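Q: heads up, no residue letters with this:
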């Protein structure tokens, strides 16, 4: 058994502090991306670590502690969203047929255009507009750099579903951002 897990099971405050420091910011980013509310995201972080404390004795070590924490945090987010919008299917990925209509040659974009604060804000709006199912996969894979297997475990879906959802999310983001960047290119030309 991992030394960190053993220390957590002994309720070692240093171990809990280490796990919190290593994962709280990432869990917070996931929660904000799903809930679009910083106060609710803080609550998810708090609830996630409370569950760690309450349930560490039942942790079997089949997954990494980070994967387990993300899974708990994701479940907390989905529970809060369901309370807000009980009639919405949060696992739905039906974004329609994803066939790009607007294409932008991303290689033509100057680096300063892509990294401007305005462009970053536009990217955040585009990510926020994705369905919760697509947004979760995109955040875990492309923002938090989780593996396909870890993402599948956290979301309790197959690895092929992760790949499909990630592909759809990326296509939708390219489509949403293509108009913005093509407008930017036309104003600088």
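A: Arrived safely, thanks for sending. These numbers come from a predicted model, not from an experiment. Residues are numbered from 1 along each chain as shown.
Q: Now do residue 163: how many residues are near it, please.
A: Per other C-beta atoms under 10 Å, the neighbour tally for residue 163 reads 15. C-beta: built from backbone N, CA, C; applies to glycine.
Q: so it makes contact with residue 148?
A: Yes. Counting by C-beta atoms under 8 Å, residue 148 is a contact partner of residue 163 at 6.6 Å.
Q: Name the residues of the helix or strand that residue 119 is a member of that are buried.
A: Here residue 119, judged by DSSP states H and E, is contained in helix 117-128. The neighbour-count check on helix 117-128 (16 or more other C-beta atoms under 10 Å) flags 119, 122, 126-127 as buried.
Q: Same question for stretch 59-76.
A: Residues 59, 63, 65-76 are the ones in stretch 59-76 that count as buried (16+ other C-beta under 10 Å).
Q: This protein - how does it break down into domains?
A: If you go by automatic domain parsing, the domain ranges for the chain are 3-84, 106-188.
Q: could those be laid out in JSON lines, adding mean pLDDT?
A: Converted to JSON lines, the domains of the chain look like this (pLDDT from 0 to 100):
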{"stretch": "domain 3-84", "mean pLDDT": "91"}
{"stretch": "domain 106-188", "mean pLDDT": "83"}
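Q: Identify all contacting residues around the helix holding residue 119.
A: With C-beta atoms under 8 Å, 6 or more residues apart in numbering as the test, helix 117-128 has contacts from 33, 36, 113, 135, 138-139, 172-173, 176-177, 180-181, 184.
Q: cutoff 6 Å now
A: Applying C-beta atoms under 6 Å, 6 or more residues apart in numbering, the contact partners of helix 117-128 are 173, 176-177, 180.
Q: and what of stretch 16-33?
A: Stretch 16-33 is contacted from outside by 41, 44-45, 48, 66, 69, 73, 77, 135, 139, 144, using C-beta under 6 Å, 6+ apart.
Q: how does it look with 8 Å?
A: Taking C-beta under 8 Å, 6+ apart as the rule, stretch 16-33 contacts 4, 8, 38, 40-42, 44-45, 48-49, 52-53, 65-66, 69-70, 73-74, 76-77, 127-128, 135-136, 139-140, 143-144.
Q: Please look at residue 130 and residue 138 and confirm they touch.
A: Yes. Contact criterion C-beta under 8 Å: residue 130 and residue 138 qualify, at 6.5 Å.
Q: Which neighbours do those two have in common?
A: Joint contacts of residue 130 and residue 138 (C-beta under 8 Å, 6+ apart) are 169, 173.
Q: In the protein, where's the longest helix?
A: When the chain is parsed with DSSP state H, its longest helix is helix 159-188.
Q: quick one: contacts for the residue nearest the centre of the chain?
A: Nearest to the geometric centre of the chain sits residue 139, at 3.0 Å (C-alpha atoms, centre = their mean). Taking C-beta under 8 Å, 6+ apart as the criterion, residue 139 is in contact with 29-30, 33-34, 127.
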